[in-house]
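>>> Got a sequence here, can you model it:
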Amino acid sequence: MDAPTEVDVDAAVESEKQPILARPSPQPAEGCLAVAIRVPVRIVVLVLVVPVRLVWDALVVGGRFLYRTVLRPVGRAVFVWPWVALWRYAVVPMWRYVVVPLAKGLGLLVHALLLVPLGRLYRYVFTPLGHGLVWSAGRIAAGLAWVYARVLTPVGHACAWVLNGVAAGVAWVAGGLAVVVAGLGRCLFVVPAGWLYVWVLTPVGRALARCGRGALRLVRAVGTGVGFVLYWTARILLVLPAVGLWRWVLTPVGRVLAVVGREVRDALGHAWRIAGHVSLAAGRALATLFRWIFVAPASWVYRTILTPVGHVVRDLVLRPAAEAARAVGRVTRQVLTAVRDSARQARADVRRMVFGEPRVPRPVEPREPMSDDTRTLGRSTTVLTKD
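Numbering: from 1, shown residues only. Reported below is the predicted structural model:
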């Protein structure tokens with residue numbers, strides 16, 4: 001084997017100096033089971049999914065076309081336009097010309113029949129009555145305060161002094177009785193109870209506690225033995241078979257099912273995407289055929305036949321007909337104007353024959369003469385004194 005050259009050694013050192021994050025992460029190794037399942041599963045899934053994707057894309061395109069051309073116009077005509085017309089031509093006029101005037105009339109009626117009388121009743125009846133009640137209440141409160149300060153307070157002080165004396169006597173008597181009762185209770189109850197607790201209950205309790213501890217130890221020992229036997233019995237009969245079933249049966253089967261499920265999921269994803277490309281290509285091909293078969297001939301017929309024919313019809317038929325209609329309209333308007341003027345003149349002649357000539361208003365003479373012979377600063381004559 002040839003010895004490594006200096007260039008190879010430098011390249012190896014540089015590669016070792018590179019950071020670990022810059023190196024590509026190794027792909028997880030796949031087992032032979034996944035590789036063996038992947039190709040047939042993807043082929044079968046692709047064969048099954050392509051027709052479903054084609055049908056799904058056809059349904060989507062048909063649904064969009066049906067929605068745009070049928071459902072949306074029908075929905076607007078059935079649900080939107082009737083409500084818009086009802087709102088515009090029924091609700092708004094009724095609100096504007098019926099509800100609002102009726103509400104204003106009711107407001108004026110309530111104001112005239114209810115609010116104004118209530119305001120006057122409050123101003124001229126309740127307000128003076130309230131002021132009188134406040135003044136009366138103030139006088140009564142002043143009288144009650146005088147009675148409290150001059151009568152009830154001295155009486156209360158006297159009653160409190162008497163009650164304090166009675167309470168002091170009762171307290172002295174109660175203290176003596178309490179001392180006597182406490183002495184009797186100590187001699188009759190406390191001392192015998194203490195003797196009974198020390199010489200009777202304490203030894204009996206200690207004996208019972210020792211017996212209970214012994215019984216508890218015995219029960220604990222028996223329970224430990226029984227539990228040990230049950231534990232090993234359950235371990236041998238239940239736990240070890242369950243562990244073996246889980247480890248040697250369920251775990252391998254679960255791993256195989258997980259690999260199959262993962263491959264089926266990936267195959268479905270790849271097949272759905274491939275079917276989408278196939279459906280897109282088929283749709284484009286059908287659209288191209290439709291354009292070549294129907295759209296292009298229809299466009300050619302429209303451009304080369306229908307458009308010139310339409311221009312000829314417009315220039316030779318529609319425009320002369322429109323000019324003739326406009327001329328007829330002008331003549332009709334002139335005739336109607338002449339008839340209207342004749343009718344107006346006939347009405348004026350009939351009115352003149354029946355009621356006579358209308359009076360002509362006489363012109364009113366101006367207060368100041370409009371000629372140049374008016375009073376000036378250089379003469380003493382005026383308009384009234386001149387010749």
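>>> how long is stretch 181-191 from one end to the other?
Stretch 181-191 has an end-to-end distance of 15 Å (Cα to Cα, to the nearest Å).
>>> Could I get the buried residue list for that stretch?
Applying a neighbour-count criterion of 16 or more other Cβ atoms under 10 Å, stretch 181-191 contains no buried positions. Any C-beta I mention is one placed from the backbone N, CA and C, and that applies to glycine too.
>>> Also stretch 336-356?
Going by neighbour count (16+ other Cβ under 10 Å), nothing in stretch 336-356 comes out as buried.
>>> I'd like the average pLDDT over it.
Averaged over stretch 336-356, pLDDT sits at 82.
>>> Can I get it in CSV, CA atoms only?
Listed in CSV are the C-alpha atoms of stretch 336-356, where the atom choice follows Å, rounded to 0.1, in the frame of the first residue of the first chain:
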residue,chain,number,x,y,z
LEU,A,336,-97.5,68.4,-29.0
THR,A,337,-96.0,71.8,-28.4
ALA,A,338,-98.2,73.4,-31.0
VAL,A,339,-101.3,71.6,-29.6
ARG,A,340,-100.4,72.8,-26.1
ASP,A,341,-100.0,76.4,-27.3
SER,A,342,-103.3,76.3,-29.2
ALA,A,343,-105.1,74.9,-26.1
ARG,A,344,-103.5,77.6,-23.9
GLN,A,345,-104.6,80.4,-26.4
ALA,A,346,-108.2,78.9,-26.6
ARG,A,347,-108.5,78.9,-22.8
ALA,A,348,-107.3,82.5,-22.7
ASP,A,349,-109.9,83.5,-25.3
VAL,A,350,-112.7,81.7,-23.4
ARG,A,351,-111.7,83.4,-20.2
ARG,A,352,-111.6,86.8,-21.9
MET,A,353,-115.1,86.3,-23.4
VAL,A,354,-116.5,85.2,-20.0
PHE,A,355,-114.8,87.5,-17.5
GLY,A,356,-113.7,90.3,-19.8
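>>> can you tell me which residues contact Trp205?
That one is not Trp; residue 205 is Gly. For Gly205, no contacting residues are found, by Cβ atoms under 8 Å, 6 or more residues apart in numbering.
>>> Quick check: next helix or strand after the helix or strand where it lies?
With the criterion set as DSSP states H and E, the secondary-structure element containing Gly205 is helix 202-234. Toward the C-terminus, helix 202-234 is succeeded by helix 240-245 as the next helix or strand (DSSP H and E).
>>> Whatever helix or strand comes next after that following helix - contacts with which helices or strands?
Proceeding N to C from helix 240-245, the next assigned helix or strand is helix 251-290, under DSSP H and E. For helix 251-290, the contact count by 3 or more Cβ pairs under 8 Å, 6 or more residues apart in numbering; DSSP states H and E identifies helix 32-66 as packing neighbours.
>>> Would you mark the buried spots in the helix it packs on?
Buried positions in helix 32-66, judged by neighbour count with 16+ other Cβ under 10 Å: Ile37, Arg38, Val41, Arg42, Val45, Leu46, Val49, Val50, Arg53, Leu54, Asp57.
>>> could you check the angle helix 251-290 makes with that helix?
Computed by axes from the mean of the first three to the mean of the last three Cα atoms, to 10 degrees, the angle separating helix 32-66 from helix 251-290 equals 40 degrees.
>>> avg pLDDT for helix 32-66?
78.
>>> ditto for stretch 97-115
Rounded to a whole number, the mean pLDDT of stretch 97-115 is 87.
>>> cool, and stretch 224-233?
Confidence over stretch 224-233 (mean pLDDT, whole number) is 88.
>>> now swap in stretch 304-313 and tell me
90.
>>> do stretch 143-155 as well
The model assigns stretch 143-155 a mean pLDDT of 85.
>>> how close does Glu323 sit to Val331?
From Glu323 over to Val331 the distance is 13 Å, taken as Cβ to Cβ, to the nearest Å.
>>> actually Val204, sorry about that
Summarising the geometry, the distance separating Val204 from Val331, computed by Cβ to Cβ, is 141 Å.
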